[in-house]
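Undergrad: A predicted structure for the sequence below; I have some questions about it.
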Amino acid sequence: MPATTGITPDWLALRERADAAARAPELLAPLRERLGRAGRLVMADLGGGTGAMGRWLAPRLPGPQQWVLHDTDHGLLELAGHAPPGPALDGGPVTITARAGDLTALRAGDLAGTSLVVASALLDLLTADEVGRLADACTGAGVPALLTLTVLGRVRLTPADELDAVFGVAFNDHQRRVHRGRRLLGPDAAAAAVGAFEHRGAEVFTADSSWRLGPGDAALAAAWLRGWVGAAVEQRPELAAEARGYLRRRLAAADAGALRVVVEHRDLLAVAQAVVR
């Protein structure tokens, strides 16, 4: 199933700083208001990978905190234990637990005792039905969800190249492909998630969380370019010949510090109605 399947530790390490800079801090105020003075916080981190979301969020919320990382990749979860988050905003302890398994099978009952559901760069890897089930689980349990860094399918490269749009369209089609019998949402995921949570009565806050890569991000820009162009060619093999020259030009610009890239993302905070117990 989805999450971080096929994603390497090197890629996650390379993007962690850009992810941290991009996530929307303006969603923290309504999140803290919803959490209130809950005492010990229990976080369910879906597609938690190496634990980067916890390393960003744990120091921004009070403790003590227990982070439960859900992922299908045992290797990534093992790495998470070597770089735990924390301490909490108030100096409280932060601990982590790894839980391997199919995160799309999550149900409201599985969130008993959970304070917050979080995910990073996950929604675009899901189907519409899976996003609906995630919204069902969170709203059914009355648990808020902070879902960050969902791609919107809009990319800006400076200076521009006449082939930018061609590869952008092909990449977005690849993100929406049918993968192992599942139609992925890709750049439609953020809007689908807003609709799914609002349909179930949650209040939804959204904010921009775009990557803005410049001369200091050359290594990340190069890795992103290779993946972006590679996915476009996988979707449209006839682009392979043009891709070689295009990628050579773009990588040379990135290496020279002359390329700037904006990859648009959206962060979402869904605040479900509290469940009366």
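TA: Structure's in. What do you need? Numbers count the residues shown, from 1 in each chain.
Undergrad: the helices in the stretch 151-277 of the chain, which residues?
TA: 164-175, 189-199, 218-235, 240-255 (DSSP state H, counting those that start in this stretch).
Undergrad: Now do stretch 206-224: everything it contacts.
TA: Judged by CB atoms under 8 Å, 6 or more residues apart in numbering, the contacts made with stretch 206-224 from elsewhere in the structure are 11, 14-15, 17-19, 21-24, 26-27, 148-149, 190, 194, 251, 254-255, 257-269. Using the backbone N, CA and C atoms, a C-beta is placed for each residue, glycine as well.
Undergrad: any idea how far I96 is from V178?
TA: I96 is 34 Å from V178, where distance means CB to CB, to the nearest Å.
Undergrad: Comparing the two, which residue is more hemmed in?
TA: Regarding I96 and V178, a neighbour count based on other CB atoms under 10 Å identifies I96 as having more, with 22 against 9.
Undergrad: mind listing the strands for the stretch 51-200 of the chain?
TA: Shown for the stretch 51-200 of the chain, the strands assigned by DSSP state E, counting those that start in this stretch span residues 65-71, 94-100, 116-120, 145-158, 178-179, 182-183.
Undergrad: For burial, what's the neighbour tally of Q273?
TA: Burial of Q273, expressed as a neighbour count using other CB under 10 Å, amounts to 11.
Undergrad: Does it touch C138 like I think?
TA: No - taking CB atoms under 8 Å as the contact criterion, Q273 and C138 are not neighbours in contact, 10.8 Å apart.
Undergrad: Can you check which residues contact both of those two?
TA: Overlap of the contact sets of Q273 and C138 (by CB under 8 Å, 6+ apart) consists of A202.
Undergrad: thinking again about what came up before, now the helices of the stretch 151-277 of the chain as JSON lines including distance to L134 and mean neighbour count?
TA: Output for the helices of the stretch 151-277 of the chain, formatted as JSON lines (distance: least, CB to CB, whole Å; neighbours: other CB atoms under 10 Å):
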{"stretch": "helix 164-175", "distance to L134": "18", "mean neighbour count": "18"}
{"stretch": "helix 189-199", "distance to L134": "8", "mean neighbour count": "20"}
{"stretch": "helix 218-235", "distance to L134": "24", "mean neighbour count": "18"}
{"stretch": "helix 240-255", "distance to L134": "35", "mean neighbour count": "16"}
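Undergrad: Looking at these, which is nearest to D110?
TA: With CB to CB, the closest approach to D110 among these belongs to helix 189-199: 17.7 Å.
Undergrad: any idea how far the most centrally placed residue in the chain lies from L12?
TA: The centroid of the chain falls nearest to A121 when counting by CA atoms, centre = their mean (1.6 Å). When CB to CB is the yardstick, A121 and L12 sit 9 Å from each other.
Undergrad: what's the answer for E78, then?
TA: Using CB to CB, E78 is found at 13 Å from L12.
Undergrad: Same question for H82.
TA: In this structure, H82 and L12 are separated by 13 Å, where distance is defined by CB to CB.
Undergrad: okay, those two: which has more neighbours?
TA: Neighbours of H82 and L12, each counted by other CB under 10 Å, are more numerous for L12; the result is 19 against 8.
Undergrad: Hmm, the more buried one is touching G49, no?
TA: Yes - between L12 and G49 a contact is recorded at 5.5 Å, counting by CB under 8 Å.
Undergrad: For V263, which residues are in contact?
TA: Under the criterion of CB under 8 Å, 6+ apart, the contact partners of V263 comprise 151, 155, 210-211, 213, 224.
Undergrad: What residues of stretch 48-67 count as buried?
TA: 48-59, 61-67 (16 or more other CB atoms under 10 Å).
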